[in-house]
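Chemist: take a look and give me a structure for this.
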Amino acid sequence: MPTGNPSPQKKSRGWMIAAIILFVFLAGSLLMNFGQLISSISSISGGSAHHSSGPRMEEVTVQDNDASDKILVIRIEGVITGARIDGTAFNMVDTVKEQLRRAEKDKRVQAVLLKVDSPGGEVLASDEIAIALRDFQKNSSKPIIVSMGNLAASGGYYVSAPCRYIVANDLTITGSIGVIMSGLNYRGLMDKVGLRPQVFKSGKYKDMLSGSRNPDTIPPEETAMVQNLINEVYGKFTNVVVEGRGAAYKANSKDGKALANDWNCYTDGRVLSGTEAFKLGFVDKLGNFDVAVDKAKEITGLTKANLIEYRRISDLSELFQMFGKTEAKPLKVDLGIELPKLKAGQPYFLSADYLY
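Modeler: Residues are numbered from 1 along each chain as shown. You can find the predicted model right below:
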């Protein structure tokens with residue numbers, strides 16, 4: 001006689017079917033991500049001529065003006081550094097270069113807007129970005145217009161100098177043209193606690209800038225060597241300003257600003273307001289981001305254009321790069337600002353007002 005109870009076998013089969021469907025979806029997703037990983041590895045190793053070795057990016061429209069022409073917005077924000085972005089094999093320099101590479105290839109991109117809000121940063125990273133910007137303008141004939149935000153000082157100005165046109169807000173903090181390299185000498189503290197360094201070196205100057213040395217034993221010629229290094233990098237900075245602003249004034253004619261005759265009197269590390277920088281010819285015009293957009297359209301002869309960005313895409317290959325890393329990260333205390341991680345003995349294009 002039938003009991004009327006539902007068959008337990010049918011119920012278990014339903015769960016089994018659902019589990020199989022879920023497994024198929026998960027397997028398909030894993031296969032797709034694995035394909036992306038293989039493609040990424042292939043492009044990095046040179047296996048595909050159609051991919052770049054930079055970060056993967058997608059185009060995003062940030063302002064749709066119903067136009068076929070485009071203006072690319074590139075952001076330089078925070079401390080300029082060559083350090084890798086968390087969880088990836090790429091850094092700020094790689095990201096900017098990849099954005100410029102794509103903009104050069106896209107015929108509908110008519111200009112680049114560089115949004116700078118940075119206190120500066122590492123010398124080498126700033127120089128690499130500045131060279132990439134200069135070469136892009138030369139090779140593509142597409143102008144780069146800078147829109148300075150709250151802060152575009154030291155390295156922030158260094159990357160702006162080679163560009164075709166610079167727009168700053170009257171309250172922008174800029175300038176701080178100079179180089180800084182610092183360290184800590186803790187020999188006095190070591191002497192107090194009874195610690196004495198024991199150093200073996202291959203040459204007289206091998207322990208230059210070591211914090212454990214007695215300052216009284218550092219010869220004057222060593223100090224002169226370090227200062228000569230700083231002066232050499234500083235000379236490169238001022239050359240970038242002269243060449244960049246000179247080329248911009250020539251291209252902009254009467255629409256831009258030439259450097260003032262006494263401009264070099266203001267390259268002693270002091271910060272300038274946007275208004276002061278405009279009077280001295282360090283920037284071409286006072287205004288906000290919209291003014292920079294209008295100037296980009298004016299220079300390129302456009303009546304309208306969409307504003308776009310190239311944003312980095314994260315994929316499974318970046319997750320694999322993180323495997324095997326067990327280093328502990330320090331506790332981060334949020335003070336409302338991003339403090340730069342300065343390395344002793346490394347020169348920086350960095351505004352001193354940002355450090356203290």
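Chemist: tell me the centre residue of the protein?
Modeler: Nearest residue to the geometric centre of the chain (Cα atoms, centre = their mean): residue 92, 3.7 Å.
Chemist: so that residue touches residue 77, yeah?
Modeler: No: between residue 92 and residue 77 there is no contact under Cβ atoms under 8 Å: 9.2 Å. Backbone N, C-alpha and C define where each C-beta goes, glycine included.
Chemist: where does the prediction get shaky in the stretch 201-350 of the chain?
Modeler: 314-350 (pLDDT under 70).
Chemist: tell me the buried residues in the helix or strand hosting residue 243?
Modeler: Element membership of residue 243, judged by DSSP states H and E, is helix 220-252. Across helix 220-252, burial judged by 16 or more other Cβ atoms under 10 Å covers 222, 226, 233-234, 237, 240-241, 244-245, 247-249, 252.
Chemist: go ahead and confirm residue 212 touches residue 190.
Modeler: Yes: the pair residue 212 and residue 190 qualifies as a contact (Cβ under 8 Å) at a distance of 6.4 Å.
Chemist: which residues are common contacts for these two?
Modeler: Contact criterion Cβ atoms under 8 Å, 6 or more residues apart in numbering; residues shared by residue 212 and residue 190: residue 197.
Chemist: any idea of the pLDDT on residue 142?
Modeler: What the model reports for residue 142 is a pLDDT of 97.
Chemist: and it, which of the three is it?
Modeler: Classification of residue 142 using DSSP: H, G, I helix; E, B strand; the rest coil returns coil.
Chemist: what does the one 5 residues further on give?
Modeler: Look at residue 147: counting by three-state DSSP, its state is strand.
Chemist: touching, it and residue 286? I think so.
Modeler: No: Residue 147 is beyond contact range of residue 286, at 11.5 Å (criterion: Cβ under 8 Å).
Chemist: rewinding a little: contacts only, for the residue nearest to the centre of the chain.
Modeler: Residue 92 is in contact with 76, 80, 81, 82, 85, 125, 129, counting by Cβ under 8 Å, 6+ apart.
Chemist: might one say that the third one is in contact with residue 120?
Modeler: No: under the criterion of Cβ under 8 Å, residue 81 is not in contact with residue 120, lying 10.2 Å apart.
Chemist: and the two? which has more neighbours close in?
Modeler: Between residue 81 and residue 120, counted using other Cβ atoms under 10 Å, the more crowded position is residue 120 (30 against 19).
Chemist: quick check on the more buried one: phi, psi?
Modeler: phi 110, psi -160 (degrees, to the nearest 10).
Chemist: residue 108: how many residues sit nearby?
Modeler: 13.
Chemist: no, scratch that, I was asking about residue 61
Modeler: 11.
Chemist: contacts only, for it.
Modeler: Applying Cβ under 8 Å, 6+ apart, the residues contacting residue 61 are 306, 307, 308.
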